[in-house]
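>>> Okay, here's the prediction I keep looking at, along with the sequence it came from:
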Amino acid sequence: MTIRKFSADPFTVDDLIGFGSMTPQIAEFLKIAVKYRANILISGGTGSGKTTLLNVVSSFIPDNERIVTIEDAAELKLNQDHVVSLESKPANIEGEGAIPIRELVRNSLRMRPDRIVVGECRGAEALDMLQAMNTGHDGSLTTLHANTPRDALNRLETLVLMAGMELPSMAIRDQIVGAIDFIVQTARIPDGSRKVTYVSEITGDRGENMGTQDIYLLKELGFGEDGKLNCYTTATGVVPEFYENLKRRRIPIDDKLFAPTEPPEGVE
């Protein structure tokens, strides 16, 4: 028997910054991305902190918006006023009565949501999630099991194929490029800590090869004498197209968010 117990007081963005899981620059970046309705996919391995990060990122959603959360097991704890929580249901002993995630995603579209938050895409519901993101439900959030942003795109394409629609690869990639704006990659590094290792923007022409460009990344500098990994997170200097669009709308954006940083003292 496995018991998974969650804290009564979920971690906040300040907690994650204090733990070193993310930098203040990444936190500010994600806050603006959520506020202006970017679709974000949080990717990572088992135990890498995906759900914790999803809960923190979801807290950036404005209080006046209606949120529908969809999960296998209710783990998210949002403090906004308008939250509808949906939970999947397994089949009974006769093999009947199951309510899968995919059915909940479809029904959530009839509930007038401003945002849809799917706890994890792990099957055919990936197609319905992409279609929702492409048909007016901007600012949606979800998680996915994958080790890198590139792997996340490949796995998302595979999950869409599980829907049994026999869609060509070009059509699937068209849906993915049009739907997902950013991938936030999390990982549990060798010293046991959990960190955001990449923040990447989806690039590529619709219908063509999918690609990513890194906005932030974790640089590893080797292990110290204490056995801990010496690393630091820095911006790459790339300004995402999403932010260029915000600037064209005359929304003030601090370009310092994308300035590369030097290693902290003591890290060489």
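Structure's in. What do you need? Numbering: from 1, shown residues only.
>>> can you pull out the strands in the chain?
With strands called from DSSP state E, the chain shows them at 40-44, 67-71, 83-87, 115-118, 141-145, 182-188, 194-203, 211-223, 229-235.
>>> Nearest approach to M170 belongs to which of these?
For the strands of the chain, proximity to M170 was assessed by C-beta to C-beta; strand 211-223 is nearest, at 14.8 Å. All C-beta spots, glycine's among them, are computed from the backbone N, C-alpha and C.
>>> what's that closest one packed up against?
helix 24-35, helix 149-161, strand 182-188, strand 194-203, strand 229-235 (3 or more C-beta pairs under 8 Å, 6 or more residues apart in numbering; DSSP states H and E).
>>> Output it as CSV, nothing but the C-alphas.
Output of strand 211-223 as CSV, limited to C-alpha atoms (Å, rounded to 0.1, in the frame of the first residue of the first chain):
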residue,chain,number,x,y,z
GLY,A,211,11.2,22.8,-32.0
THR,A,212,12.0,24.6,-28.8
GLN,A,213,14.2,27.5,-27.8
ASP,A,214,15.4,27.7,-24.2
ILE,A,215,14.5,30.9,-22.3
TYR,A,216,16.0,29.7,-19.0
LEU,A,217,18.2,26.7,-18.2
LEU,A,218,20.0,25.0,-15.4
LYS,A,219,23.8,24.9,-15.9
GLU,A,220,25.6,22.0,-14.1
LEU,A,221,29.2,22.7,-13.1
GLY,A,222,30.1,19.3,-11.5
PHE,A,223,29.9,18.0,-7.9
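>>> Show residues contacting that strand.
23, 25-26, 29, 149-150, 153, 182-183, 187, 189-190, 195-204, 229-236, 238, 240, 258, 263, 267-268 (C-beta atoms under 8 Å, 6 or more residues apart in numbering).
>>> Buried subset of those residues, written for ChimeraX?
Entered in ChimeraX, the line below selects the buried ones among the contacts of strand 211-223, by 16 or more other C-beta atoms under 10 Å:
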select :23,25,26,29,149,150,153,182,183,187,195,196,197,198,199,200,201,202,229,230,231,233,234,235,240,258
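>>> Any chance of a markdown table for the strands of the chain, columns mean pLDDT and distance to T158?
A markdown table is the format used below for the strands of the chain (pLDDT from 0 to 100; distance: least, C-beta to C-beta, whole Å):
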| stretch | mean pLDDT | distance to T158 |
| --- | --- | --- |
| strand 40-44 | 95 | 14 |
| strand 67-71 | 92 | 20 |
| strand 83-87 | 92 | 25 |
| strand 115-118 | 92 | 17 |
| strand 141-145 | 93 | 11 |
| strand 182-188 | 95 | 16 |
| strand 194-203 | 93 | 17 |
| strand 211-223 | 87 | 17 |
| strand 229-235 | 87 | 29 |
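>>> so which of those strands comes closest to D14?
strand 194-203 (14.9 Å).
>>> what pairs with that closest one, and is each one parallel or antiparallel?
strand 182-188 (antiparallel), strand 211-223 (antiparallel) (DSSP bridges).
>>> Would you format those strands as JSON lines with distance to E71 included?
Below are the strands paired with strand 194-203 laid out as JSON lines (distance: least, C-beta to C-beta, whole Å):
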{"stretch": "strand 182-188", "distance to E71": "18"}
{"stretch": "strand 211-223", "distance to E71": "27"}
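>>> any idea which of these is most buried?
strand 182-188 (a mean of 24; mean count of other C-beta atoms under 10 Å).
>>> Just give me the residue closest to the centre of the protein.
I42 (2.3 Å; C-alpha atoms, centre = their mean).
>>> Which residues are in contact with it?
I42 touches 50, 53-54, 57, 141-144, 183-184, 186, counting by C-beta under 8 Å, 6+ apart.
>>> 10 Å - rerun?
Residues near I42 by C-beta atoms under 10 Å, 6 or more residues apart in numbering: 30, 48-54, 56-57, 120, 141-144, 152, 182-186, 196.
>>> same check, this time on K256
So K256 contacts 25, 28, 235 (C-beta under 10 Å, 6+ apart).
>>> Pretty sure V160 sits against P168.
No. If you go by C-beta atoms under 10 Å, V160 and P168 don't touch, sitting 11.1 Å apart.
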